[in-house]
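Colleague: Below is the sequence, then the predicted model.
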Amino acid sequence: MRRAVWLLDVDGVVNVTRPGWGAAPRNGTAHVGAVEYRLRWAPALIDRIRSMHRAGAVEIRWCSTWCVEADQVERLFGLPRLGRSWTHEMSTSTAAVAKLAAAREVVAQGQPLIWTDDAETPTSGPVHEELTASGRALLIAPLPNRGLQPEHLDQIEAFAASAAAGSDTEGADALRVARRLLGDQAG
């Protein structure tokens, strides 16, 4: 049984302007040094992330410019300490390179990959093909103002369950189902 590794971004994925989910969003403040950042998220999204973590369904790693200050977002969201893709500060441009490197590392280690990032997750092209060629990677690039939605979490849960079952065939089937859920008929 291999758990999928979920590389989870913050801004544009969890922290969004219009999270939806059928309930009022929550707001809070995170601090990075003396600077305050206002974050907004859907409580139901956080509940599902927390549930998947507690169940051991996935190994969640922050893959965000927030990595160094991830304790701030974990406190706000009420999440336990999650893994970090890196432990030193990075600029947005440096983080883009580090995010792709983190995704490639997961794939190179033979682990199933879930990568959710509004800006850096490729939706087509050579890097997308490289990461998804084995059928063991689920790449989701949500709309930056809406972030992850219930159908994305349905996709992630289905993919994680098939990865845990340990079958590449099941993983490919789950990926096809996930693509259909998102309206991608190419899969």
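Modeller: Perfect, I can see it now. Keep in mind that this is a model prediction, so the values were computed, not measured.
Colleague: the helices in this protein, which residues?
Modeller: Taking DSSP state H as the test, the helices found in the chain are 43-55, 70-77, 92-108, 126-132, 150-165, 168-181.
Colleague: Next, the buried residues of the first one.
Modeller: The neighbour-count criterion (16 or more other Cβ atoms under 10 Å) identifies 44-46, 48-49, 52-53 as the buried residues of helix 43-55. For glycine as for every other residue, the C-beta is placed from the backbone atoms N, C-alpha and C.
Colleague: closest to G12 among these?
Modeller: Nearest to G12, judged by Cβ to Cβ, of these is L45 at 13.0 Å.
Colleague: Roughly how far does the closest one sit from G110?
Modeller: 29 Å (Cβ to Cβ, to the nearest Å).
Colleague: cool, V16 as well?
Modeller: 32 Å.
Colleague: cool, V97 as well?
Modeller: Here the distance between V97 and G110 works out to 23 Å (Cβ to Cβ).
Colleague: Neighbour count: those two, which is higher?
Modeller: When neighbours are counted by other Cβ atoms under 10 Å, V97 and G110 differ, and V97 comes out ahead with 12 against 9.
Colleague: got a pLDDT number for the nearest residue to V68 once chain neighbours are set aside?
Modeller: Distances taken as Cβ to Cβ, 6 or more residues apart in numbering put E89 closest to V68, at 5.1 Å, once the chain neighbours are dropped. On the pLDDT scale, E89 is placed at 91.
Colleague: Check E151 too.
Modeller: Predicted confidence (pLDDT) for E151: 97.
Colleague: Distance check, it against A165.
Modeller: For E151, the distance to A165 equals 21 Å [Cβ to Cβ].
Colleague: and what of H53?
Modeller: In terms of Cβ to Cβ, H53 sits 19 Å off from A165.
Colleague: By mean pLDDT, flag the weakest helix or strand of the chain.
Modeller: Across the helices and strands of the chain, mean confidence by mean pLDDT, DSSP states H and E is lowest for helix 168-181: a mean of 56.
Colleague: phi, psi of the residue of the chain positioned farthest from its centre?
Modeller: Here the chain reaches farthest from its C-alpha mean at A34, the gap being 27.7 Å by Cα atoms, centre = their mean. Dihedral angles of A34 (phi, psi; degrees, to the nearest 10) stand at phi -90, psi 0.
Colleague: Would you mark the buried spots in stretch 105-124?
Modeller: 106-107, 111-118, 120-122.
Colleague: tell me the two of the residues you listed that are most distant?
Modeller: Maximum pairwise distance among the buried residues of stretch 105-124 (Cβ to Cβ): 22.8 Å, between Q111 and D118.
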